[in-house]
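A.B. asks: okay, predicted coordinates and the sequence, questions at the end:
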Amino acid sequence: MRLRSAFKDRAEQSGSSVAGLSGARSHRAVRRPRKLGRLAAAVVATTVALMVTACSGGGSDPAGGSAEAAGPVDLTFWAWAPNIDKVVDIWNAAHPDIQVTVNKQDGGDPAVTKLLTAIKAGSGAPDVMQAEYQKIPTLVSADALADISADVDSGLKAQFPESVWESVTLGSDAVYAVPQDAGPMQFYYRADIFEQYGLSVPTTWDEYATVATQLHAANPDLYLGTFSATDAGWFTGLTQQAGASWWGLDGDTWSVDVDSAASRKVAQFWGDLVAAGDVDNQPMYTPAWNAALNEGTQVGWISAIWAPGVLAGNAASTAGKWAMAPLPQWDPARPATGNWGGSSTAVTSQSAHPAQAAQFAQWLNSDPAATAALTTEVGLYPASTSAQKALTSPPAFFSNQPDFYPLAAEIAGTAAPFTYGPNVNVAYSAYNDQFGKAAESRSATGFLDALTAMQTATVDDLTASGFSVG
């Protein structure tokens, strides 16, 4: 397979920066989106009935069921999502011949490093692993994931948005994982403060800049948002909305386009706002940022579907005062969003039971009972489009917005395709360093220089790691 050959040289270089995914800056930027919290009690009324259906043998198992006929097998599942074992219990009750044991792990870089260590040693790897989308190229490059295309239903692809499906296939015919949850980005704002100052909800980025200027001029203590130089995934999602795709793969050759016209448009936009002082330049998830949310001085937040959990945990007193809307658009005639966060369920290359493991991965992320439990028990926003549409009741923090989840499902369907590469950690680390300097100095030109530096660092690392780079 040509895709595998593109990764082959890299898999032998266990000491390079792609395999060694430690480092506080990179780790922090990658793990941030999983502050998901629990989604509201949606589809609770139907969950019990769906579980009964699953236990009676229904659901989305691959056709034929021959894997179960092979006899009892035990699978190990590495995952970090809270309460994922409760969902696995549903599977185990309905599949006595394929039992899954959850082994809780840290997420992000530690999980990847642990798996790569086990793969290299030839022992200790699980059968199934929860893997973030941006980590899949790294794991494929180390030959750590199995191609399960022959072991899942041919119609599985149609159950997910194109953007997340591409993340688990890398644009090839291979299937390296099944999408689990998604992180479509949206605009969150204090509806009461917008009303107080007579502000309109921005539908374009030009309008966003205008509202940011109006708000800060009316009250210098208030900001519509902040540019966070410690959250590379946030910035990546914004460039994705603008049409960027930072990596590409053509045959055996990788391309890197971090410093693209689309990315520069986003960087220039935020650089101008930061330089003018119309948005804040402080990182998210700090005590100061939490205080700003509570006090109402941070009036808006460009975030993702999991934002209600963060707001409920950090600014509980403001419940019912926020509203959610689509991201401002670059081209209103072509609505688009990006993703910030999200994970999949992958089968490792050293599983002794890949067919059964693939059967479980498919069930976990496409069966109605499983996806309902992933929502109510685990707090994930499902990647499956049908599961997204099944969510009706809004999160408790947004009880004032009954259309929260129907609107979110529409937004999720507009996510633009985006290809990650095998050295995401290098690009994200460069983002932290370069944009950190630009944001601190409030230099608009520094934002563009930061992109150029990211491009250089990413290409240099791929080349040094033995990849063919076009």
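C.D. replies: That came through fine. Numbers count the residues shown, from 1 in each chain.

A.B. asks: can you name the next helix or strand after the strand ranked longest in the chain?
C.D. replies: Counting by DSSP state E, the longest strand found in the chain is strand 178-190. Downstream of strand 178-190, the first helix or strand assigned by DSSP states H and E is helix 191-196.

A.B. asks: now do the helix or strand that that next one is followed by: which elements does it pack against?
C.D. replies: Following helix 191-196 in sequence order, the next helix or strand is helix 205-218 (DSSP H and E). Counting by 3 or more C-beta pairs under 8 Å, 6 or more residues apart in numbering; DSSP states H and E, the packing neighbours recorded for helix 205-218 are helix 261-276. All C-beta spots, glycine's among them, are computed from the backbone N, C-alpha and C.

A.B. asks: show me what the helix it packs on is packed against.
C.D. replies: Helix 261-276 packs on helix 205-218, helix 232-241, helix 444-464, going by 3+ C-beta pairs under 8 Å, 6+ apart.

A.B. asks: report the rounded mean pLDDT for the shortest one.
C.D. replies: The reference is to helix 232-241. Across helix 232-241, pLDDT averages out at 98.

A.B. asks: how far off centre is the helix or strand immediately after that helix in the chain?
C.D. replies: Downstream of helix 232-241, the next assigned helix or strand under DSSP H and E is strand 247-250. Offset of strand 247-250 from its chain centre (C-alpha atoms, centre = their mean, to the nearest Å): 20 Å.

A.B. asks: state the distance from residue 104 to residue 181.
C.D. replies: Distance of residue 104 to residue 181, computed by C-beta to C-beta, to the nearest Å: 17 Å.

A.B. asks: so for these two, which sits in the more crowded spot?
C.D. replies: When residue 104 and residue 181 are compared for neighbours, residue 181 comes out ahead with 31 against 12, by other C-beta atoms under 10 Å.

A.B. asks: so what's that one bridging to?
C.D. replies: Beta-bridge partners of residue 181, counted by DSSP bridges, are residue 343, residue 382.

A.B. asks: for stretch 75-84, the averaged confidence score.
C.D. replies: Averaging pLDDT along stretch 75-84 gives 96.

A.B. asks: end to end on it, go ahead and measure it.
C.D. replies: The straight-line separation of the ends of stretch 75-84 (C-alpha to C-alpha, to the nearest Å) is 15 Å.

A.B. asks: tell me the buried residues in that stretch?
C.D. replies: Buried residues in stretch 75-84, defined by neighbour count with 16 or more other C-beta atoms under 10 Å: 75, 76, 77, 78, 79, 80, 81, 83, 84.

A.B. asks: and if you look at stretch 146-166?
C.D. replies: 146-149, 151-152, 156-157, 159-161, 163-166.

A.B. asks: surely residue 221 is in contact with residue 298?
C.D. replies: No: shown here, residue 221 and residue 298 do not form a contact pair, counting by C-beta atoms under 8 Å, at 10.3 Å.
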